[in-house]
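Participant: Pasting the sequence and the predicted coordinates here, then a few questions.
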Amino acid sequence: QVQLVESGGGLVQAGGSLRLSCAASGRTFSAYAMGWFRQAPGKEREFLAAISRSGGTTAYADSVKGRFTISRDNARNTMYLQMNSLKPEDTAVYYCAAKLADIYYTGSRDRDYTYWGQGTQVTVSS
């Protein structure tokens, strides 16, 4: 089992940047594929990015490709989401998620992920 805690959210102006972190408990972080999702008010949860167990494979939603970068540090049991060129439509609660997976897994379906953090609010002002 793994527990996830997001941090790094906040209020930023359009065009600005934020870096989210997802700290995982436990000693087997490298056994989990990880993903970032977000949910805006009145909308469904949306896939943003995923990263394989080693970090060697990544996947992105078209809406954030080229602006967001997912990474992980298995020695620190932490995953990151660097968000640049933020837009007001990026405003949402951002969640990290984990799934025990094979070495190349970078799935985008939220129902496939087992463990979730509590979320961190990101607000982008225009």
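Facilitator: It's in.
Participant: Can you list the residue ranges for strands in the protein?
Facilitator: Taking DSSP state E as the test, the strands found in the chain are 4-7, 10-13, 18-24, 32-39, 46-51, 58-60, 68-73, 78-83, 92-100, 115-116, 120-125.
Participant: closest one to S108 among the ones you listed?
Facilitator: strand 46-51 (4.2 Å; Cβ to Cβ). (Each C-beta comes from the backbone N, C-alpha and C, glycine too.)
Participant: So the closest residue to V64 other than its chain neighbours versus S25, what's the distance?
Facilitator: In space, and not counting its chain neighbours, V64 is closest to L48: 5.3 Å by Cβ to Cβ, 6 or more residues apart in numbering. Distance, L48 to S25, by Cβ to Cβ, to the nearest Å: 22 Å.
Participant: Who has more neighbours out of the two?
Facilitator: Set L48 next to S25 and count neighbours by other Cβ atoms under 10 Å: L48 wins out with 26 against 12.
Participant: What pLDDT is listed against that one?
Facilitator: With respect to pLDDT, L48 scores 98.
Participant: List the contacts of it.
Facilitator: With contact set as Cβ atoms under 8 Å, 6 or more residues apart in numbering, L48 has these partners: 35-38, 60-61, 63-64, 68, 70, 81, 94.
Participant: Return the most buried member of the strands of the chain.
Facilitator: Of all the strands of the chain, strand 32-39 carries the top mean neighbour count, a mean of 25, counting by mean count of other Cβ atoms under 10 Å.
Participant: which residues are contacting it?
Facilitator: Outside strand 32-39, the residues that touch it by Cβ under 8 Å, 6+ apart are 2, 20, 22, 24, 45-53, 68, 70, 72, 79, 81, 90, 92-101, 105-108, 110, 113, 115, 119, 122.
Participant: For the most centrally placed residue in the chain, which non-adjacent residue is spatially closest?
Facilitator: The residue lying closest to the centre of the chain (Cα atoms, centre = their mean) is W36, at 2.3 Å. Leaving aside its chain neighbours, W36 sits nearest to L48 (4.4 Å; criterion: Cβ to Cβ, 6+ apart).
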